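[1] task: produce atomic coordinates for the following.
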Amino acid sequence: MALSYQSTRGGQTGVTASQAVLQGLAADGGLFMPTEIPALDVSLEKLAGMTYQETAYEVMKLFLTDYTEEELKSCIAKAYDSKFDTEEIAPLAKADGAYYLELYHGSTIAFKDMALSILPHLMTTAAKKNREDREIVILTATSGDTGKAAMAGFADVLGTRIIVFYPKGGVSPVQERQMRTQKGDNTFVVAIHGNFDDAQTGVKKLFNNKELARELSDKGFLLSSANSINIGRLVPQIVYYVYAYARLLANEEIRGGEEINIVVPTGNFGNILAAYFAKKMGLPIRTLICASNDNKVLYDFFTTGTYDRRREFILTNSPSMDILISSNLERLIYLSAGCDAAANADLMRELAEEGRYTVTGSMRDFMSDFRGGFATQKENAKAIRTIFQDTGYLIDTHTGVAAAVYDQYKNDTGDMTKTVIASTASPFKFARSVMEAVKGRDAVEGKDEFAVADALAEEAGIALPEAVEEIRTAPIRHSRECAVDEMEKTVKNILRIL
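    Below is the predicted model of the structure:
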């Protein structure tokens, strides 16, 4: 049965999956949601015998119902191939009493590869299905990882261009160098003078600018998004939670039907929302633990029921989580309001105009599957150091936040349910912070990023990832910068329509 999509704000209904992927953001500024969350139609025992690619098909076919079997399997085959450095694609590592789901084995060593490896193929297939002959222009804001992963995915894909905005000084040196050295004649990177929320808000404004859309359309361009607001990003993320449970089952770490907890270091809320979708599809998940850093807007929300972005923006050593407006939370708000688009739209308007909103008691009850937690940079560093010293297992600063929050959760609740922690980036992507956590400030003082990465690899006894090696000597190809209010002008300049 074909599943259709509608906007969380009510302005669009009856949209096909491929149209939702192609459009990215709904015309009214809302996010596309399926009319229902489908149940898995294959048993967990059967999934336990499947490869990652086979699991991906079983999950994604339920959401992307207007893609043919051949189209979807082709997209999956092109996405999950030798660009990942492990056949498993998303292996599970057991360490310190938890299972770390390693989502960083793709070409840019961050979890964004898991969805952004397939999104270009889903999008170009969608364009053909919908007889779209305009050139697709991907506009994306990044807090560090999405930008590089999206550019790597879309580089030299025919009929597409990609423009990435990132906060100057708000990403790690490796993240920035990865973006600025990106190859591909259709890739463009712009450092904005502001923070990630400025970049994300600026991109949303461009999408909501009807005059700009008309102007671009007249010149043969169609705007779309590679951010996690695109349903084509969210659906592939559900896959790895289903795969993780199936692996635990296959490895006899759990018995069939046994509940697990999942901990996700969270900024824009897409990654943990995908785990929630997996639960609603029938995966036995008990608690979804939402781990925040010092920018604890989500922790405060789950604790109080009030979402309030009016606070100091803190730059931390887990920059992909330095976010005060968690865009994907809107999808959960919409569901918790009984899919009442008008009620959701009112709350989103409140957030835009007043910087805050408060949900009802029944909405909070609906969200009881979630539990918020946060870790300071000091607690994060301690978690990284302790796990490495006790087990030899090395994690990055985002996973460190999740590990610290999980530790707090166990102490607070006594809940010893088996737990999967989403490990969202390679420790080498944030080598300086990880090395400092493990060996102290003296170990990084006066050393450049690559010397620190080399020392960390030696300390841990593991090879430096190819993604870090290749940017060591790669030439800088992108040097554009702009003020926040110059983003539209910059896009027009890049597309040569000024």
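[2] can we go C-alpha only for contacts and neighbour counts from here?
    Fine.
[3] now for the host helix or strand of residue 454, which elements pack on it?
    Assigned by DSSP states H and E, residue 454 belongs to helix 449-460. Helices and strands touching helix 449-460, by 3 or more C-alpha pairs under 8 Å, 6 or more residues apart in numbering; DSSP states H and E, are helix 431-439.
[4] give me the contacts around the helix it packs on.
    317, 381-382, 384-385, 388, 395-397, 427-428, 442-444, 449, 452-453, 456 (C-alpha atoms under 8 Å, 6 or more residues apart in numbering).
[5] mind listing what's buried in it?
    Residues 431-438 are the ones in helix 431-439 that count as buried (16 or more other C-alpha atoms under 10 Å).
[6] kindly report the same for stretch 184-191.
    In stretch 184-191, residues buried by neighbour count (16+ other C-alpha under 10 Å) are 184, 186-191.
[7] want to throw those into CSV with pLDDT, secondary structure and distance to residue 29?
    Converted to CSV, those look like this (pLDDT from 0 to 100; DSSP: H, G, I helix; E, B strand; the rest coil; distance: C-alpha to C-alpha, whole Å):
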residue, pLDDT, secondary structure, distance to residue 29
184, 96, coil, 30
186, 96, coil, 26
187, 97, strand, 25
188, 97, strand, 24
189, 97, strand, 24
190, 97, strand, 23
191, 97, strand, 24
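[8] those residues into JSON lines, with extra columns for distance to residue 65?
    What follows is these, written out as JSON lines (distance: C-alpha to C-alpha, whole Å):
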{"residue": "184", "distance to residue 65": "32"}
{"residue": "186", "distance to residue 65": "30"}
{"residue": "187", "distance to residue 65": "30"}
{"residue": "188", "distance to residue 65": "32"}
{"residue": "189", "distance to residue 65": "34"}
{"residue": "190", "distance to residue 65": "36"}
{"residue": "191", "distance to residue 65": "38"}
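[9] with respect to residue 403, which of the residues you listed is nearest?
    residue 191 (31.2 Å; C-alpha to C-alpha).
[10] ok, that closest one - contacts?
    Counted by C-alpha under 8 Å, 6+ apart, residue 191 has contacts 165-168, 479-482.
[11] state the mean pLDDT of stretch 380-387.
    Mean pLDDT, stretch 380-387: 98.
[12] now do the contacts for the closest residue to residue 281 other than its chain neighbours.
    Of all residues not flanking residue 281 in the chain, residue 39 sits nearest, at 4.2 Å (C-alpha to C-alpha, 6 or more residues apart in numbering). By C-alpha under 8 Å, 6+ apart, residue 39 lies in contact with 280-282.
[13] again with residue 472
    residue 450.
[14] that one and residue 97, how far apart?
    36 Å (C-alpha to C-alpha, to the nearest Å).
[15] is it true that residue 192 lies in a strand?
    Yes. Counting by DSSP: H, G, I helix; E, B strand; the rest coil, residue 192 is found in a strand.
[16] pretty sure it sits against residue 166.
    Yes. Residue 192 lies in contact with residue 166 (C-alpha atoms under 8 Å); the separation is 6.0 Å.
[17] stretch 403-422: end-to-end distance?
    9 Å.
[18] repeat for stretch 80-91
    13 Å.
[19] flag every buried residue along that stretch.
    Neighbour-count burial for stretch 80-91 [16+ other C-alpha under 10 Å]: 80, 83-85, 89-91.
[20] again, but for stretch 369-389
    Buried residues in stretch 369-389 (16+ other C-alpha under 10 Å): 370-377, 379-388.
[21] mind listing which of those residues are in helices?
    Mapping the buried residues of stretch 369-389 onto helices (DSSP state H) picks out 377, 379-388.
[22] how many neighbouring residues does the closest residue to residue 180 other than its chain neighbours have?
    Nearest residue to residue 180, sequence neighbours excluded (C-alpha to C-alpha, 6+ apart): residue 478, at 4.8 Å. Look at residue 478: counted by other C-alpha atoms under 10 Å, it has 17 neighbours.
[23] again, but for residue 464
    Residues lying near residue 464 (other C-alpha under 10 Å) number 16.
[24] pretty sure it is touching residue 455, no?
    No. The pair residue 464 / residue 455 is not scored as a contact, 9.8 Å apart, by C-alpha under 8 Å.
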